[in-house]
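> model this:
(one chain, ligands or ions: 2)
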Amino acid sequence: MNEYDTELVRSLLKSSGFTFTTDKETADVVLLNTCAIRENAHTKVYGHLARLHPLKRQRNLVVGVLGCMAQNLKQDLIEAKSIVDVLVGPDGYRRLPELITHAIESQEQSLARKEVAVDLSEYETYDDILPDRPDGLNGWIAVMRGCDNFCTFCVVPYTRGRERSRDPEGILREAEHLAAHGYKQITLLGQNVNSYRAENWDFARLITAVADVPGIERVRFTSPHPKDFPPTLLDAVADHPKICKHIHLPLQSGNDRILTMMDRTYTRNEYLQLVDDIRRRRSDIVLTTDIICGFCTETEDEFLDTVRVVDEVGYHMGYVFKYSPRKNTIAGRKYPDDIPDEVKTDRLNRLVDRLKAISLQHNLDTVGQTVPVLVEGDAKKSSAQWMGKTDGGITVVWEKDAAPLQPGTLVPITVTRVTATTLFGHPVAP
Ligand code: SAM
Ligand code: SF4
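Ligands and ions are numbered 1, 2, ... in the order given. Next up is the predicted model:
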């Protein structure tokens, strides 16, 4: 979502005449688009700001902090000693050209003024702004902004405001624009995509319409909330050839007491029932998840309930996070952050090891099979190899000299060996 917002900001600024450089040594303005979801995201931004200090001392540099951290920490970031000149939350990007211009003028006149736009909006969806995307294969489209769920650990409702859906017409126009510019894959984004609503459109109808756009080969989405995963969406994923057979289904915890404290509004059994429905509908749908470990008061036995759900579901992949108390959230205000960091780390490592072992087993099961892979580009480790993704989002790597190819093509690859994260293979001889 932040990458998408950066593309919106680039578009807004370019249409106001600003040009971009990646060299902060020569830039007149440096903008940091920030996340507030965990404390380490904040720490990174403070690190960047500290590194900008010497540049700020040397010349008239304008420093801006954008996004969720700007929204969450307002006062702290613009206190007198801070080097931040411009502070803009996720709903204020339209004002950015004007605020940067004011900040440049203030610097020229040696005025110590701060430019701030941190009001949240109930309506802003940036529907008319075409993001300035890097050329490539995968285009993000945010179909909604904000979130109304108020899970007790989460800062998103406070930093991104109330949930609002974009008009389907604007989303489809953007999808057609992407297809016309050679993009092959679209990822639809929202904090809770299955609550997408626009007149008589729901998310199942929307994703089907996007997948029907000629030229688009694959459509992905993230994230659905397990509390209200409609059968129509499962049908769309199971039946539409261009909707990837992959569902990212955040679990957070496998223990009912902790799920209640998190206010996730589903129980462990309801979650497992949904997994069962998905599996019975199509057993090849890849499931991935998000888990928080060391949430307030979580006991060892309650943590083990989460490990048991991980084993039972057999996720292909999972992101595990140590609980990080956030300012303004319900848990941050009401519950003690009482799990010592070393216990959180130990639980995180045990879950990561378990998830890795399960991924490895899934990947081993594919050895000898031929899987369709969308070629994305050079492999990370070697430009002599291609990297692509299976429909389920698993990375595949193979030697380039095996056959001449272009990024964006779908090729059948026979898997010969695997690790927990990657499949290696070769293209099927034509
Ligand atoms: N909307 C998605 C959902 O309902 O699952 C989650 C979006 S959130 C941006 C991404 C992930 O960050 C969450 O699924 C959760 O696992 C993690 N997360 C959110 N708040 C957190 C916190 N305070 N500490 C640790 N992890 C957190
Ligand atoms: Fe945060 Fe996701 Fe819960 Fe919304 S649904 S409050 S984004 S965790």
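> Next, the buried residues of the helix or strand hosting residue 72.
Element membership for residue 72, per DSSP states H and E: helix 68-78. Neighbour counts using 16 or more other C-beta atoms under 10 Å place 68-73, 77-78 of helix 68-78 among the buried residues. (C-beta placed from N, C-alpha, C; glycine too.)
> where do the helices sit along the stretch 301-430 of the chain?
Ranges of helices in the stretch 301-430 of the chain, per DSSP state H, counting those that start in this stretch, are 330-334, 341-365.
> Contact residues of this protein facing ligand 1?
For the chain, the residues in contact with ligand 1 (C-beta under 6 Å from any ligand atom) are 37-38, 153-154, 156, 191-192, 223, 225, 250, 252, 290, 292, 321, 323-324, 326.
> Selecting buried members of these in PyMOL, what would you type?
Buried residues among the residues of the chain next to ligand 1 (16+ other C-beta under 10 Å), as a PyMOL selection:
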select buried, resi 37+38+153+154+156+191+192+223+225+250+252+292+321+323+324+326
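> Contact partners for the residue nearest to residue 324 when sequence neighbours are not counted?
Nearest residue to residue 324, sequence neighbours excluded (C-beta to C-beta, 6 or more residues apart in numbering): residue 38, at 4.0 Å. Residue 38 makes contacts with 321-322, 324, 326, as judged by C-beta atoms under 8 Å, 6 or more residues apart in numbering.
> Below-threshold pLDDT in the chain: ranges please.
Scanning the chain for pLDDT under 70 picks out the ranges 80, 402, 430.
> quick revisit: now, which of the buried residues of helix 68-78 sits nearest residue 133?
Distance to residue 133, by C-beta to C-beta, is smallest for residue 68 among the buried residues of helix 68-78, at 21.1 Å.
> any idea how far the closest one is from ligand 2?
Distance, residue 68 to ligand 2, using C-beta to the nearest ligand atom, to the nearest Å: 11 Å.
> got it, and residue 14?
Distance of residue 14 to ligand 2, computed by C-beta to the nearest ligand atom: 29 Å.
> What is the neighbour count of that residue?
Neighbours of residue 14 under the rule other C-beta atoms under 10 Å: 13.
> residues in contact with it?
So residue 14 contacts 20, 132 (C-beta under 8 Å, 6+ apart).
> Work out for me the element it sits within.
Element membership of residue 14, judged by DSSP H and E, is helix 2-15.
> Ok, residue 283 next?
Per DSSP H and E: nothing holds residue 283, as it lies in no helix or strand.
> Now do it against ligand 1, distance only.
24 Å.
> Three-state assignment for the nearest residue to residue 306 once chain neighbours are set aside, please.
Closest residue in space to residue 306, ignoring its immediate chain neighbours: residue 254 at 3.8 Å, by C-beta to C-beta, 6+ apart. Secondary structure for residue 254, judged by DSSP: H, G, I helix; E, B strand; the rest coil, is coil.
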